[in-house]
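1. Build me a model:
(one chain, ligands or ions: 1)
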Amino acid sequence: MTETASDATALIAAARTAALHAHAPYSRFAVGAALLMADGSVITGANVENASYGLSLCAETVAIATASAAGRLREIVAIGVIGGAMDADGKATGTTPVSPCGRCRQVINEAAQMGGRDLPVHCGAAEGDAVRTYRLSDLLPDAFGPADLGIG
Ligand SMILES: O=c1ccn([C@H]2C[C@H](O)[C@@H](CO)O2)c(=O)[nH]1
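-> Residues are numbered from 1 along each chain as shown. Now for the predicted structure:
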């Protein structure tokens, strides 16, 4: 499918809703991710922190794992991400767009390479209209990927 500007808005909205389910009692920083699938459906995820800290799962990784568990890793067309410091109700706040961490960029690259696409990644804020849209190649140039292992 062809991605439209309204897809970015919808993905940011879905990511904000997903972030309400963040388990982030340690950082108090909620992140939501939303994946636009080829059929127009959306799969979401939120960060899941761990008392060990280092085992915490990022929102993007949770969403991509959910898509993969449904056999849909190759169907991801675009990604939306938001994040921000949680208020007392656990809702993300802030007007600065959040972009994926380094590990998430590599995880996103796997989905992008499997789908044969250079995914748009819409980075939004918890509040407000600020959105920065990147291509994965902007976020992770010269990525290590399946081709390095002779695959694809
Ligand atoms: O791309 C990112 C970057 C950070 N986080 C989470 C990890 C941790 O729970 C919190 C603060 O780093 O934000 C994500 O979910 N995605």
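
2. Whichever strand or helix holds Ile43 vs the ligand: in contact?
-> Element membership for Ile43 (DSSP states H and E) is strand 42-46. No: for strand 42-46 and the ligand, the contact criterion (C-beta under 6 Å from any ligand atom) is not met; the two come no nearer than 7.5 Å. The way it works is simple: take the backbone N, C-alpha and C, and place the C-beta from them, glycine included.

3. List the neighbouring strands of that strand plus their orientation.
-> Using DSSP bridges, strand 42-46 pairs in its sheet with strand 29-37 (antiparallel).

4. Would you tell me which residues of the protein are close to the ligand?
-> Proximity of the chain to the ligand (C-beta under 6 Å from any ligand atom) is limited to residues 24, 27, 29, 31, 47, 49, 56, 58-60, 100-101, 104.

5. re earlier: tell me the buried residues in the strand holding Ile43?
-> Val42, Ile43, Thr44, Gly45, Ala46 (16 or more other C-beta atoms under 10 Å).

6. isn't the second one right next to Ala34, touching?
-> Yes: the criterion here is C-beta atoms under 8 Å, and Ile43 meets it with Ala34 at 7.3 Å.

7. Enumerate every residue touching Ser137.
-> Listed by C-beta atoms under 8 Å, 6 or more residues apart in numbering, the contact set of Ser137 reads Asp118, Ala143.

8. Go again with 7 Å.
-> Ser137 sits next to Asp118 when contact means C-beta atoms under 7 Å, 6 or more residues apart in numbering.

9. Where does pLDDT dip in this structure?
-> 1-2 (pLDDT under 70).

10. where exactly do the strands run in it?
-> 29-37, 42-46, 76-85, 120-124, 131-135 (DSSP state E).

11. Any chance of the ones you listed in a markdown table with distance to Arg16 as columns?
-> Formatted as a markdown table, the strands of the chain follow (distance: least, C-beta to C-beta, whole Å):
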| stretch | distance to Arg16 |
| --- | --- |
| strand 29-37 | 6 |
| strand 42-46 | 10 |
| strand 76-85 | 5 |
| strand 120-124 | 8 |
| strand 131-135 | 12 |
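
12. I'd like to know which of those strands lies nearest to Ala69.
-> strand 42-46 (9.8 Å; C-beta to C-beta).

13. That closest one: how far from the chain's middle?
-> Between the centre of strand 42-46 and the centre of its chain there are 8 Å (C-alpha atoms, centre = their mean, to the nearest Å).
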